[in-house]
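Undergrad: A structural model of the following input is requested.
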Amino acid sequence: MNRALLWAWGTFVGLAAFALTLTQSVSISLAVGLVAAICVFAAAERVAHQWQRRAEAFAAAARGISVDPGVEGGDDPVRLAHEVQAASITARENARKLSVLRAVIDGMAEGVWITSEDGTVVEHNNALKEFLYTGQEIAGHRPRDLFESAELHDAVQKACREHLSSRLELNVEGVRPCVLSVHVSPLGRELAGSSAVFFDVTELRRLEKVRKDFVANVSHELRTPITAIRGYAETLQSGAINDPVAAPKMVDIIHRQSERLSELVEDLLELSRLESRQIQLAEKPVDLLEATQRALEAVRPKAKPRGTAIEVQVPPNLFVLGDQRAIEQIVLNLVDNAVKYSPPNGRVELSAVSHDGHVEMRVKDNGTGIEARHLPRIFERFYRVDKGRSREMGGTGLGLSIVKHLITTMKGDVRCESTPGQGSTFFIEFLVADPAQPAAPAPAPEIDSAPVAP
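TA: I've put the predicted structure just below:
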């Protein structure tokens with residue numbers, strides 16, 4: 001405004017003086033100067049207003065604020081500011097969408113990478129780095145630098161060059177071994193490069209192996225008694241039934257094998273119910289000494305002929321949280337095993353101590369012991385340290401697996417420590433219970449009281 005007034009005043013003085021020298025008339029000179037001054041002022045004011053609107057539009061665009069510059073036609077610079085403003089808003093929206101997409105990809109459980117046209121990794125998410133469990137950078141490397149797999153390298157090259165998709169599995173070794181299922185595909189006809197999605201199928205493959213091993217073990221365990229029953233039955237049919245000496249022995253063998261077959265089927269059904277949560281275990285205070293004495297009533301008839309002494313050092317009024325029948329089954333299985341695998345005139349010790357909100361019960365024997373290489377697997381179904389001896393003693397190979405499932409369901413734990421030649425000790429951990437605590441409204445399980453052994 002100040003500059004426009006100065007320009008108008010200077011123009012008025014100059015033109016008025018010039019007109020006065022030409023016309024020698026003061027009134028005409030003043031009129032000419034006044035008209036010129038008005039024109040100059042209006043022109044300066046318009047230009048200043050345009051530059052002010054231009055500056056405001058650019059400033060608004062920089063701040064991402066939508067402002068209508070009010071420009072009509074022409075190539076006025078304010079239109080450029082309006083376009084810059086629209087481009088800034090679009091860029092901000094694209095950046096927001098890109099951030100959301102990046103967060104979603106990083107939150108995926110599956111690993112993802114993007115490669116360039118030559119197969120070099122250019123982008124990846126966090127899950128992929130966790131799968132590889134490596135401190136090196138993934139971006140900038142070829143697949144063969146990250147995985148020792150020529151198959152994956154070839155799949156990436158086919159996706160980049162021939163636009164072909166592939167599926168394969170990788171066994172990743174290292175600190176944390178895993179099995180990865182990989183789907184490699186091209187980015188698209190208009191985009192060069194490829195993408196790959198990595199699925200962790202380690203647990204799935206482990207479960208498949210467990211299922212196959214279970215079917216194989218069940219078939220093997222069932223085959224032994226069925227073969228014996230069938231063989232002796234055929235022998236009896238062929239005429240041995242009339243032999244007064246051999247016939248009773250064969251019938252007795254058939255009876256024993258049928259009992260073993262029945263125990264095996266019952267244990268399989270019980271284990272299946274436990275794993276599928278069909279058995280609801282009650283949560284109420286259980287007197288551990290009382291449950292132990294009930295379990296020992298079924299074991300002492302077997303321990304007495306072998307001369308095995310069973311010593312109980314469980315304090316009275318020690319209550320644990322769990323299901324009474326399940327606790328009796330746990331103690332029964334462990335003590336029965338200890339008696340079977342202890343030498344004649346051996347000793348089995350039961351003790352319990354309370355500490356830090358838990359009760360630890362110990363079942364110790366002085367038998368042959370278990371080698372360290374067997375300890376991690378003794379709670380697996382059908383796993384036997386000495387297969388011949390276990391079958392000879394009538395074990396089904398499911399006793400410790402049932403113990404593991406029962407104690408885990410009651411939020412406890414079980415483990416074993418053993419030294420060959422010095423016996424084994426099983427540690428069972430229960431939760432301490434308040435005797436005044438009301439029982440949970442869950443039905444008690446129907447658990448077979450017959451002892452089972454691994």
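
Undergrad: give me the below-cutoff pLDDT ranges for the protein.
TA: 1-85, 101, 133-136, 175, 189, 273-279, 385-396, 435-454 (pLDDT under 70).

Undergrad: hmm, who's touching stretch 174-192?
TA: The contact list for stretch 174-192 (Cβ atoms under 8 Å, 6 or more residues apart in numbering) reads 111, 114, 116-117, 131, 133-134, 152, 155-156, 158-160, 163-172, 193-202, 205. For the C-beta atoms, the positions are set from N, CA and C on the backbone; glycine is no exception.

Undergrad: what do you get if the cut-off is 7 Å, keeping everything else the same?
TA: Counting contacts by Cβ atoms under 7 Å, 6 or more residues apart in numbering, the residues outside stretch 174-192 that touch it are 117, 131, 133, 152, 155-156, 159-160, 163, 165-172, 193-202, 205.

Undergrad: out of those, which are buried?
TA: 131, 152, 155-156, 159-160, 166, 170, 172, 193-202 (16 or more other Cβ atoms under 10 Å).

Undergrad: now, the residues you listed that are in helices?
TA: 131, 152, 155-156, 159-160, 202 (DSSP state H).

Undergrad: residues near K340, how many?
TA: By other Cβ atoms under 10 Å, 23 other residues sit near K340.

Undergrad: adding distance to R373, write the ones in helices among the buried ones among the contacts of stretch 174-192 out as JSON lines.
TA: JSON lines is the format used below for those (distance: Cβ to Cβ, whole Å):
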{"residue": "F131", "distance to R373": "30"}
{"residue": "L152", "distance to R373": "34"}
{"residue": "A155", "distance to R373": "39"}
{"residue": "V156", "distance to R373": "41"}
{"residue": "A159", "distance to R373": "45"}
{"residue": "C160", "distance to R373": "47"}
{"residue": "T202", "distance to R373": "23"}
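
Undergrad: farthest pair within those residues?
TA: C160 and T202 (28.2 Å; Cβ to Cβ).

Undergrad: what segments of this structure are strands?
TA: All strands of the chain, identified by DSSP state E, fall at 111-115, 121-124, 166-172, 178-188, 191-200, 284-287, 309-313, 319-322, 347-355, 358-365, 413-419, 423-432.

Undergrad: of the ones you listed, which stretch is the most buried?
TA: Greatest average neighbour count among those goes to strand 319-322 (a mean of 23), per mean count of other Cβ atoms under 10 Å.

Undergrad: can you map out the helices along the stretch 201-350 of the chain?
TA: 202-237, 246-275, 288-306, 324-340 (DSSP state H, counting those that start in this stretch).

Undergrad: report the buried residues of the third one.
TA: When burial is assessed from 16+ other Cβ under 10 Å, helix 288-306 yields the following buried residues: 288-292, 294-296, 298-299, 303.

Undergrad: which residues are in contact with it?
TA: 310, 312, 314, 316, 318, 320, 324, 327-328, 331-332, 335-336, 339, 344, 350, 352, 359, 361, 449, 451.

Undergrad: off-centre distance for it?
TA: Counting by Cα atoms, centre = their mean, to the nearest Å, helix 288-306 is centred 42 Å from the centre of its parent chain.

Undergrad: same check on stretch 129-146?
TA: Mean C-alpha position of stretch 129-146 versus that of the full chain (Cα atoms, centre = their mean) differs by 21 Å.

Undergrad: same check, this time on stretch 322-333
TA: That offset, for stretch 322-333, works out to 31 Å (Cα atoms, centre = their mean).

Undergrad: restrict it to CA atoms and write it as CSV.
TA: Output of stretch 322-333 as CSV, limited to C-alpha atoms (Å, rounded to 0.1, in the frame of the first residue of the first chain):
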residue,chain,number,x,y,z
GLY,A,322,-6.7,-81.1,41.1
ASP,A,323,-8.9,-84.1,40.5
GLN,A,324,-8.7,-86.9,43.1
ARG,A,325,-9.0,-89.8,40.6
ALA,A,326,-6.5,-88.2,38.2
ILE,A,327,-4.0,-87.8,41.1
GLU,A,328,-4.5,-91.4,42.1
GLN,A,329,-3.9,-92.5,38.5
ILE,A,330,-0.6,-90.5,38.4
VAL,A,331,0.7,-92.0,41.6
LEU,A,332,-0.5,-95.5,40.6
ASN,A,333,1.3,-95.5,37.2
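
Undergrad: re the thing from before, how about JSON lines for the buried residues of helix 288-306, with distance to A95 added?
TA: Formatted as JSON lines, those follow (distance: Cβ to Cβ, whole Å):
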{"residue": "L288", "distance to A95": "64"}
{"residue": "L289", "distance to A95": "70"}
{"residue": "E290", "distance to A95": "70"}
{"residue": "A291", "distance to A95": "66"}
{"residue": "T292", "distance to A95": "68"}
{"residue": "R294", "distance to A95": "71"}
{"residue": "A295", "distance to A95": "68"}
{"residue": "L296", "distance to A95": "73"}
{"residue": "A298", "distance to A95": "73"}
{"residue": "V299", "distance to A95": "73"}
{"residue": "A303", "distance to A95": "77"}
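
Undergrad: between these, which sits nearest N126?
TA: Of those, the one sitting nearest to N126 (Cβ to Cβ) turns out to be L288, at 47.5 Å.

Undergrad: distance of the closest one from S351?
TA: Per Cβ to Cβ, to the nearest Å, L288 is found 11 Å from S351.

Undergrad: mutual contacts of these two, please.
TA: In contact with both L288 and S351: V314, using Cβ under 7 Å, 6+ apart.

Undergrad: how is this structure divided into domains?
TA: 2-101, 109-200, 205-274, 279-432 (automatic domain parsing).

Undergrad: cheers, nothing more for now.
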